[in-house]
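Take this sequence and fold it.
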Amino acid sequence: MAKRIVNHIKLGIFVMAGLAFLILLLYVIGSNKNMFGNTFTLKARFENVQGLKPGSNVRFGGIDAGTVKSIEVLNDTTIEVTLFVKEKMKNFIRKNAIVTITTDGLMGNKLVNLKPSKEEGPIVQEGDILYSTPSPDTDDILKVLNTTSSDIAVIASDLKFTVQRLNSSKALWGILEDESLPVNIRSSLADLKNASEKMSRAMINLNTIVSNVKDGKGSIGELLNDTTIAHNIKDAVAQIRVIESRADTLTVQMNTLVADISNKVNNGQGPVNALLENKEMTENLSNSLKNIEKGTRDFNEVMMAAKNNFLFRGYFRKLEQQKRKGATTRSNY
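Below is the predicted model of the structure:
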């Protein structure tokens with residue numbers, strides 16, 4: 001009887017040990033601890049692990065490369081994550097690889113993603129700490145999606161109101177049902193096309209004119225490109241300045257002369273004053289003019305007498321004929 005009890009106790013212990021081992025094995029397999037493969041450790045530090053747990057997957061380029069070994073809080077802003085990575089992936093992971101925490105699908109479990117860098121770098125070694133970047137939190141994404149959905153709802157409401165107003169607008173439907181509208185639009189487009197073609201031709205002509213001016217063609221081109229014209233203009237300007245200076249000098253001299261004459265007249269000096277003030281000189285001048293006038297009349301009488309004299313009559317007739325021929329010749333031209 002006692003022996004049977006001992007056997008039952010041994011059987012119970014054996015069953016309990018087997019169950020414990022089975023449970024441990026299932027835990028290890030479920031946690032993906034890579035018990036049967038060679039691994040090495042890497043580390044990464046984050047401010048927020050976003051619900052990452054030991055046993056979560058580690059992926060490199062979308063391939064399962066290991067699991068999370070442990071998560072340790074170093075201080076209030078730094079959390080260190082230790083990774084078990086398969087030994088066969090060691091030759092592909094470099095020290096400048098970027099570590100991020102992502103989600104397996106939209107709402108799946110958290111995992112660690114190793115992203116290769118575009119730049120070359122040395123191969124990782126045991127215990128290296130890799131560079132990490134913060135990843136967007138799911139709660140933040142949901143908040144953004146919630147805000148976006150609210151905005152979309154407002155936009156949809158406004159769009160619905162706008163469509164209702166368009167449907168109830170008689171003026172809009174009147175424009176859309178107007179059969180002459182397409183004809184007017186086509187006519188306007190044709191006029192716009194003609195105007196654009198004319199504008200294009202005008203621009204071509206303008207470019208041609210500008211090119212000709214640059215090449216020195218035409219009067220404007222010659223004026224702009226001929227250096228002799230510029231020199232002539234400079235010479236003309238210099239001469240104008242010389243004439244201007246001379247005119248200024250002459251004006252000063254004339255002003256001086258007029259002032260001198262005015263001064264002499266006012267002071268009773270000079271021939272002008274004598275002519276104006278001396279009565280005897282004025283009478284003599286008047287008598288001289290009368291004598292000149294009388295002499296002119298006498299000379300005219302002598303000339304008339306000479307014309308009527310038979311000795312000089314032929315001479316004066318020849319002079320009159322020559323005058324008539326000269327007048328006829330000028331009228332023909």
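
Which neighbouring elements make contact with the host helix or strand of Met304?
If you go by DSSP states H and E, Met304 is part of helix 279-308. In terms of contacts (3 or more CB pairs under 8 Å, 6 or more residues apart in numbering; DSSP states H and E), helix 279-308 is packed against helix 270-277, helix 313-332. The C-beta positions use only the backbone N, C-alpha and C, and glycine is treated the same way.

tell me the mean pLDDT for the longest one?
In this case it means helix 313-332. What helix 313-332 shows for mean pLDDT is 69.

for the first one, same thing?
Helix 270-277 shows an average pLDDT of 58 in the prediction.

ditto for stretch 254-266
So the average pLDDT for stretch 254-266 ends up being 72.

Can you classify Glu120 by secondary structure?
coil (DSSP: H, G, I helix; E, B strand; the rest coil).

gap between it and His231?
69 Å (CB to CB, to the nearest Å).

now Arg324
From Arg324 to His231 the distance is 54 Å (CB to CB).

Quick check: buried residues in stretch 70-85?
Ile79, Glu80, Val81, Leu83, Phe84, Val85 (16 or more other CB atoms under 10 Å).

Can you pick out the ones from the residues you listed that are in helices?
Under the assignment DSSP state H, the buried residues of stretch 70-85 contribute nothing to helices.

measure Ile13 to Val6 for me?
For Ile13 relative to Val6 (CB to CB), the value is 11 Å.

list the contacts for Ser288?
With CB atoms under 8 Å, 6 or more residues apart in numbering as the criterion, no residue contacts Ser288.

How about Asp64: what's its closest non-neighbour residue?
Leaving aside its chain neighbours, Asp64 sits nearest to Asn57 (5.7 Å; criterion: CB to CB, 6 or more residues apart in numbering).

tally of neighbours for the one you found?
16 (other CB atoms under 10 Å).

what's the spacing between it and Met254?
Counting by CB to CB - Asn57 and Met254 are separated by 113 Å.

Dump the buried residues of stretch 70-85 into CSV; add pLDDT and distance to Gly174 as well.
CSV is the format used below for the buried residues of stretch 70-85 (pLDDT from 0 to 100; distance: CB to CB, whole Å):
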residue, pLDDT, distance to Gly174
Ile79, 90, 69
Glu80, 92, 73
Val81, 91, 70
Leu83, 91, 72
Phe84, 90, 75
Val85, 90, 73
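
Take the residues you listed and write them to a markdown table, including distance to Ala259.
Formatted as a markdown table, these follow (distance: CB to CB, whole Å):
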| residue | distance to Ala259 |
| --- | --- |
| Ile79 | 109 |
| Glu80 | 111 |
| Val81 | 111 |
| Leu83 | 114 |
| Phe84 | 120 |
| Val85 | 116 |
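
between these, which is closest to Leu172?
Ile79 (61.6 Å; CB to CB).

coming back round to it: partner residues bridging the residue nearest to Asp64?
Thr67 (DSSP bridges).

Output the below-cut-off pLDDT ranges for the stretch 1-150 of the chain.
1-3, 26-37, 106-107, 136-139 (pLDDT under 70).

what about the strands in it?
39-46, 57-60, 63-73, 79-86, 98-103, 110-115, 129-132 (DSSP state E, counting those that start in this stretch).

now the helices for the stretch 151-300 of the chain?
170-177, 180-214, 218-225, 227-267, 270-277, 279-308 (DSSP state H, counting those that start in this stretch).

These: which one's closest to Leu22?
Of all those, helix 170-177 comes closest under CB to CB, at 77.0 Å.

average pLDDT for that closest one?
The model assigns helix 170-177 a mean pLDDT of 73.

Hey, what's the angle from that helix to helix 180-214? Just curious.
70 degrees (axes from the mean of the first three to the mean of the last three CA atoms, to 10 degrees).

what sits up against helix 170-177?
In contact with helix 170-177 (CB under 8 Å, 6+ apart) are residues Leu166, Leu181.

Work out which residue lies at the spatial centre of this protein.
Met203 (22.0 Å; CA atoms, centre = their mean).

Next one: that residue relative to Val124, how far apart?
Taking CB to CB, one finds Met203 at 65 Å from Val124.

Next: Gly55.
Distance from Gly55 to Val124, by CB to CB: 22 Å.

These two: which is more packed in?
A count of neighbours by other CB under 10 Å puts Val124 above the other of Gly55 and Val124, at 22 against 17.

what's the residue nearest to that one when sequence neighbours are not counted in contact with, if anything?
Excluding the flanking residues, the one nearest Val124 by CB to CB, 6+ apart is Ile93, at 4.9 Å. By CB under 8 Å, 6+ apart, the contact set of Ile93 is Leu42, Phe60, Ala65, Val85, Leu114, Pro116, Ile123, Val124.

Nothing else from me, thank you.
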